[in-house]
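In: have a look at this fold, sequence not included:
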């Protein structure tokens, strides 16, 4: 009885994968070579091996789940401001109020130099990417634990979860950017072609956030201490990044320490794009390199820890 | 023909918490410190997260131990076994939720798993939004969801409320919508776990029907259930797991019979509870034995309406307590019928603290219809009444009796309980 209904199914399978364009194949690792032969696949679509020592990045599997990435990010955006009066207004208010406080405290009272630019715009130009980073890391750091019900019930590449949290934070960032582009003419800063660098800088910030976020989210599964340490670390990190002060404010002797922080180059880059200053390409290149190293290490560490998520969470 | 699922000697080990007690505070502190330092090592990735488990002091259980199986395309295979036998772990390994400790699995097709109804649903989102979200989580592409959308809404019968947040849905609507999404998954291999344990009888019938449809389309289905009738009706073959090992494979009717006979029949009328496989993990093994006696004297069998006595022997040398016992009667499909306990009734609380003895629970005028039933036992003190817990301790049969004195009984589909009601005709 088992064998009878199976015969037509098998032809179905082969036909199905032949008809489908390669990019739209829902099963990520199906060997396309099989689609031509009428025989059933000789190599397994999915191979699960116990006790592996090495882990791969499995980027193809990740690509196959790009729709899920979109839907999870979209869910986070939809749900975040549900049952709030101001809704997405919070995405604008948070950096705006911080800017006001910083301008009064550091700009007026402490007289932190702002390289000749109005302090409000000077700090907002840095607060905007910093807030994005802060939100992205906080959300993705807690994302795996928050989605424990999914992790114990369905398979998909777990990287999608912290990734989607970063994606959702990006939406807040875009809303808050509107304020920046309104503030610029107000303070008499004109739009210059250097602004084109804005987009690559945002991508870079997102990658740093993704690297840090996925790492902390994986650690958070096993060590819930992370949840309590993270806000504190982020606060320290902000002071170690030229957000409230310019990089030049730091004595030359100590500046290399700030250079180790990929965000300092990125945030200075944001200011350069906005105020139309020449780029410090070297610093930016260094930030890009350290960002990529961070990302690769984070993905590898995540893949290692991922294997016991469902058992530990 | 080649199998679509190939499982070779997979094993899955879980860690259970360390149970021994620290002797002194200093020991505790130093041990804690060492453990913390070791964990810090893991944190920095020195030992890679997984290997740091290999701590000699840890205790392990093997949820799966060398299970192998092959499933042919189009086959519907049932998986049976008592709670904790490893059925769900097997499905979790096959669906890649958890990684096996050893062994190899090869799957020759797209896999969809249905381990619960409503995976990924979000309370704040509307029905429409949840269809897309849940569909994507279960592994559907956006284009597939768009194509199936109208059908899903029709199947769930919620088109009026499709733009209402699901938190305002009735539980029936919620479950229908959730199942409708899952039912429109189109994988080559479908893994289903106990989904049918939710919902009312009509919904369960519908789910079973849908699984039957999936099977008729020639898809491969692996189906875990406690419902022996549906296993026999739907499956072409059956895998019987016991304590993480394959106990048997083959014809479902034969396997079900073997399962019922060997897991529950061997200790009819009474059994030892020392090392019982149904004991909850981490429970203190206070109960030592159970014995069932009834008026008719046959072991493990009682007539409708007569008295069934459950005698539970226990020892608790280290912690004298006033004993509290909970006896739960469940149907053959593991649905609870009723539970009795002396904790609810002050007359039967025993104020003295004892270190052992036998507690007898008498179920007089047992209102059960003919059939097989299971017993769960839970034992403890007045304050903590589940120090020890053993599920599906043993089974017993209820045999027909002429309880109404009319030679007639209600039909079996009327439920597991009979009740002597009174009727009056007025205004005739």
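Out: Arrived safely. None of these values were measured; they are calculated from a predicted model.

In: how about the closest residue to residue B:233 other than its chain neighbours, secondary structure?
Out: By the measure of C-beta to C-beta, 6 or more residues apart in numbering or on different chains, the closest residue to residue B:233 outside its immediate chain neighbours is residue B:208, 7.6 Å from it. Bear in mind the C-beta positions are built from the backbone N, C-alpha and C, glycine included. The local conformation at residue B:208, judged by DSSP: H, G, I helix; E, B strand; the rest coil, is helix.

In: swap in residue B:77?
Out: Residue B:77 falls in the strand class when you classify it by three-state DSSP.

In: wait, it sits on residue B:223?
Out: Yes: taking contacts as C-beta atoms under 8 Å, residue B:77 lies within contact range of residue B:223: 6.9 Å.

In: more neighbours: which of those two?
Out: Between residue B:77 and residue B:223, counted using other C-beta atoms under 10 Å in any protein chain shown, the more crowded position is residue B:223 (28 against 24).

In: look at the more buried one and give its secondary structure.
Out: strand.

In: and it, what pLDDT?
Out: Predicted confidence (pLDDT) at residue B:223: the value is 86.

In: residues in contact with it?
Out: Applying C-beta atoms under 8 Å, 6 or more residues apart in numbering or on different chains, we find residue B:223 in contact with B:76, B:77, B:78, B:79, B:192, B:211, B:231, B:234, B:235.

In: in space, what's closest to residue A:248 - neighbours in sequence excluded?
Out: Computed as C-beta to C-beta, 6+ apart, the closest residue to residue A:248 that is not its neighbour in sequence is residue A:115, at 6.9 Å.

In: next, give phi and psi for the one you found.
Out: Note on residue A:115: its backbone torsions stand at phi 50, psi 40 [degrees, to the nearest 10].

In: do I have it right that the residue nearest to residue B:233 meets residue B:235?
Out: No: proximity of residue B:208 to residue B:235 does not meet the contact threshold set by C-beta under 8 Å, at 11.5 Å.

In: neighbours of residue B:159, how many?
Out: Every residue meeting other C-beta under 10 Å relative to residue B:159 is counted, giving 11.

In: likewise for residue A:247?
Out: Other residues near residue A:247 number 18, with proximity taken as other C-beta under 10 Å.

In: the nearest residue to it once chain neighbours are set aside and chain B, how far apart?
Out: On the basis of C-beta to C-beta, 6+ apart, the spatially nearest residue to residue A:247 that is not a chain neighbour turns out to be residue A:268, at 5.2 Å. Counting by C-beta to the nearest C-beta, to the nearest Å, the gap from residue A:268 to chain B is 29 Å.

In: make sure residue A:268 is indeed in a helix.
Out: Yes: with the criterion set as three-state DSSP, the secondary structure at residue A:268 is a helix.

In: and it, how far from residue A:240?
Out: When distance is defined by C-beta to C-beta, to the nearest Å, residue A:268 is 13 Å away from residue A:240.

In: ok, these two, which is more surrounded?
Out: More crowded of residue A:268 and residue A:240, by other C-beta under 10 Å: residue A:268, with 24 against 14.

In: let me see the contact set for the more buried one.
Out: Contacts for residue A:268 (C-beta under 8 Å, 6+ apart) come out as A:242, A:246, A:247, A:280, A:283.

In: quick one on the thing from earlier: what do residue A:268 and residue A:240 both touch?
Out: Overlap of the contact sets of residue A:268 and residue A:240 (by C-beta under 8 Å, 6+ apart) is empty.

In: any idea how far residue A:307 is from residue A:146?
Out: Computed as C-beta to C-beta, the residue A:307 to residue A:146 distance reads 20 Å.

In: and residue A:291, by the same measure?
Out: Distance, residue A:291 to residue A:146, using C-beta to C-beta: 26 Å.

In: more crowded one of the two?
Out: Residue environment comparison for residue A:291 versus residue A:146 gives the larger neighbour count to residue A:291, 23 against 16, counting by other C-beta under 10 Å.

In: ok, the more buried one touching residue A:207?
Out: Yes: counting by C-beta under 8 Å, a contact exists between residue A:291 and residue A:207, whose distance comes to 5.3 Å.

In: enumerate the residues of the stretch 201-313 of chain A near chain B.
Out: A:219, A:222, A:223, A:301, A:304, A:305, A:307, A:308, A:310, A:311 (C-beta under 8 Å from any C-beta of the partner chain).

In: could you rerun that using 7 Å?
Out: Of all the residues in the stretch 201-313 of chain A, those in contact range of chain B (C-beta under 7 Å from any C-beta of the partner chain) are A:219, A:223, A:301, A:304, A:305, A:307, A:308, A:310, A:311.

In: show the contacting residues for residue A:148.
Out: Residues in contact with residue A:148, defined by C-beta atoms under 7 Å, 6 or more residues apart in numbering or on different chains, are residue A:313.

In: cool, and residue B:120?
Out: A:150, B:133, B:134, B:137.

In: in which helix or strand would I find the closest residue to the first one other than its chain neighbours?
Out: Spatial nearest neighbour of residue A:150, chain neighbours left out: residue B:120 (5.8 Å); criterion: C-beta to C-beta, 6+ apart. Take DSSP states H and E as the rule and residue B:120 turns out to sit in neither a helix nor a strand.

In: residue 236: neighbour count?
Out: Looking at chain A here, since you left the chain open. The local packing count at residue A:236 equals 10, with neighbours defined by other C-beta under 10 Å.

In: the intended chain is chain B.
Out: For residue B:236, the number of neighbouring residues by other C-beta under 10 Å comes to 20.

In: next one: residue B:215
Out: For residue B:215, the tally of surrounding residues (other C-beta under 10 Å) stands at 20.

In: secondary structure class for it?
Out: helix.

In: which ones are touching the closest residue to it other than its chain neighbours?
Out: By the measure of C-beta to C-beta, 6+ apart, the closest residue to residue B:215 outside its immediate chain neighbours is residue B:76, 4.5 Å from it. Residue B:76 is in contact with B:215, B:221, B:223, B:234, B:235, B:236, counting by C-beta under 7 Å, 6+ apart.

In: taking the stretch 251-400 of chain B, what residue is nearest to chain A?
Out: With C-beta to the nearest C-beta, the shortest gap between the stretch 251-400 of chain B and chain A falls at residue B:251, namely 10.1 Å.

In: show me where the chain has helices.
Out: No chain in the question, so chain A it is. Residue ranges of the helices in chain A, as given by DSSP state H, are A:6-19, A:59-64, A:66-80, A:89-102, A:119-146, A:148-151, A:160-186, A:198-222, A:225-239, A:252-259, A:262-275, A:281-306, A:309-312.

In: you looked at the wrong chain, it should be chain B
Out: Listed in chain order (using DSSP H), the helices of chain B are B:25-43, B:87-94, B:127-137, B:142-156, B:171-183, B:201-216, B:228-234, B:252-259.

In: how far does the fourth one sit from the chain's center?
Out: Offset of helix B:142-156 from its chain centre (C-alpha atoms, centre = their mean, to the nearest Å): 31 Å.

In: the third one now?
Out: In terms of C-alpha atoms, centre = their mean, the centre of helix B:127-137 is found 27 Å from the chain centre.

In: tell me the mean pLDDT for that helix?
Out: Regarding helix B:127-137, the rounded mean pLDDT is 92.

In: specify the beta-bridge partners of the residue nearest to residue B:215.
Out: For residue B:76, the beta-bridge partners under DSSP bridges are residue B:221.

In: stretch B:156-175 spans what distance, first to last residue?
Out: In terms of C-alpha to C-alpha, to the nearest Å, the two terminal residues of stretch B:156-175 are separated by 9 Å.
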